[in-house]
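[1] Give me a model of this one.
(one chain, ligands or ions: 2)
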Amino acid sequence: MELVSRHILVHYNEIALKGKNRGFFEKLLVESLYVAFRGLEVQDIRRLSGRILAEFEKEYSYQEIAERLHEVIGISHFELTEKVDQNLEAIQSSIGSFIQDKDVESFAIYTRRSNKDFPMNSVETNRALGSFVVNEKGWKVSIDAPELPIYVYLVGDAAYIAYHRDVGSGGMPYGTAGPVGILLSGGIDSPVAAYRMIRRGTSPIFIHFHSAPYTDQASQDKVVDLAKHLMRYKRSAPLYLVPFADLQRKIVQETKASYRVILYRRFMMRTAEAIAKKHGGKALVTGEALGQVASQTLENLATIDSVTQMPILRPLIGHDKLDIVREAEKIGTYETSIEPHDDCCSYLMPQQPATKSRNEQLEEAEQVFDIDQEVQALIEKSERIKVGTPPREKKKD
Ligand code: ATP
Ligand code: MG
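    Ligands and ions are numbered 1, 2, ... in the order given. Purely as a prediction, here's the structure:
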């Protein structure tokens with residue numbers, strides 16, 4: 001598509017329903033747009049009659065704009081528009097030059113009028129502009145399935161005209177639901193779980209456990225890449241890389257082999273909870289799906305859950321692996337996830353992990369550890385990096 005534009009209209013759906021919170025949601029969506037458009041010459045982004053208008057200093061191509069907007073959460077659809085004066089002649093002249101060299105069979109005009117000062121209502125405007133196009137080109141009107149839809153917005157003191165509408169990613173604007181700790185492995189599942197939660201408006205605190213020096217640097221780099229991909233065109237988020245090997249060795253030395261995986265998980269959860277708490281996190285997120293591996297039985301999920309206060313959210317719990325793989329492909333994490341890597345849990349993995357653990361047994365096994373101290377040590381040894389885009393510096397006005 002060879003469209004270019006300086007004036008982009010962004011529409012949102014779900015957030016419009018949010019009553020009292022509406023202003024808050026819109027503000028965060030505006031912030032998200034500033035972050036996503038970083039590097040472009042933005043003049044202003046503001047709310048305008050139930051939509052958001054982004055104005056640029058110069059024209060940008062459809063590709064440049066759409067690539068970014070498709071990654072912004074909370075958008076139902078968007079349009080690259082042409083801005084003209086708010087009068088019929090100006091609108092007709094704009095439409096006239098657009099359709100001049102076009103060759104289609106059907107079209108429709110969809111007018112939305114927010115400025116009630118405009119002398120015609122939206123139906124009258126549709127008719128006037130429709131007859132204009134029919135006179136010029138002889139095309140048929142097809143309201144339901146036009147080959148060329150023409151959208152006309154009469155908002156503020158201008159008219160915005162668009163000839164193409166793109167669907168956005170939906171979801172809730174970034175950050176509206178608050179922070180959550182996301183346990184991110186290098187596997188296929190957790191990036192999909194992370195994507196889903198980010199789409200529901202959470203801001204992530206990524207936490208990854210690695211077994212360096214027994215696992216290689218590439219396995220950490222992979223997680224960094226995954227987090228970066230998930231945070232494309234989004235405000236920055238922390239990623240903690242937690243060295244887990246020392247504690248794993250102790251667990252191996254001190255406890256029964258069949259409990260190992262669950263004990264690793266319990267320490268991961270406690271540590272993740274403590275890290276998330278430091279950032280105001282309200283829940284933890286994992287990529288677990290019921291029955292997928294030995295640690296994901298109902299019994300084991302319960303014994304993993306029982307060590308934290310925060311709710312553990314498992315957005316993939318009822319999903320088949322194949323569906324998760326498809327989603328990973330769609331969101332673009334699959335290719336990275338399937339790169340070969342050392343998993344911290346395959347390091348020192350027992351032959352036969354218990355599928356039915358009981359809390360009492362695990363608590364007994366854990367008696368040899370000073371749990372708080374172990375968790376504290378993991379946090380102190382962890383490395384913290386940032387992924388995503390730093391927030392904009394606000395102009396003082
Ligand atoms: P994934 O594909 O997400 O690795 P999985 O099917 O391989 O999931 P497990 O390895 O049992 O399942 O992990 C279950 C969940 O525990 C993961 O989805 C992730 O949320 C968390 N997890 C596992 N290993 C790690 C790790 N090294 N660092 C952080 N979180 C982890
Ligand atoms: Mg895994």
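
[2] hang on, I95 packs against S131?
    No - I95 is beyond contact range of S131, at 11.8 Å (criterion: Cβ atoms under 8 Å). Just so you know, the C-beta spots here come from the backbone N, C-alpha and C atoms, and that holds for glycine as well.

[3] For these two, indicate the residue with more neighbours.
    For I95 versus S131, neighbours defined as other Cβ atoms under 10 Å are more numerous around I95 (22 against 12).

[4] mind giving me the domain ranges of this structure?
    Per automatic domain parsing, the domain ranges recorded for the chain read 4-167, 178-387.

[5] what's the closest of the ones you listed to ligand 1?
    domain 178-387 (2.2 Å; Cβ to the nearest ligand atom).

[6] Near the residue of the chain found nearest ligand 2, how many residues? Count them for me, please.
    Residue of the chain nearest ligand 2, by Cβ to the ion: G187 (3.5 Å). Using other Cβ under 10 Å, G187 has 20 neighbouring residues.

[7] Equivalent analysis for A289, please.
    21.

[8] That one in helix, strand or coil?
    Per DSSP: H, G, I helix; E, B strand; the rest coil, the secondary structure class of A289 is coil.

[9] List the contacts of it.
    189, 296, 314, 316-321, 324 (Cβ atoms under 8 Å, 6 or more residues apart in numbering).

[10] Top of those by number of neighbours, please.
    D189 (26 neighbours).

[11] related to what we said a few turns ago, spatially nearest residue to the residue of the chain closest to ligand 2 (excluding sequence neighbours)?
    S337 (6.0 Å; Cβ to Cβ, 6 or more residues apart in numbering).

[12] what's the answer for R392, then?
    Counting by Cβ to Cβ, 6+ apart, the residue nearest R392 is Y34, at 4.8 Å.

[13] now M120
    Nearest to M120 is A128, by Cβ to Cβ, 6+ apart, at 6.6 Å.

[14] who does the nearest residue in space to I52 that is not next to it in sequence bridge with?
    Nearest residue to I52 in three dimensions, chain neighbours excluded: V10, at 4.2 Å (Cβ to Cβ, 6+ apart). Per DSSP bridges, the residues bridged to V10 are I52, F78.

[15] Any figure for the gap between V10 and G388?
    Using Cβ to Cβ, to the nearest Å, V10 is found at 20 Å from G388.
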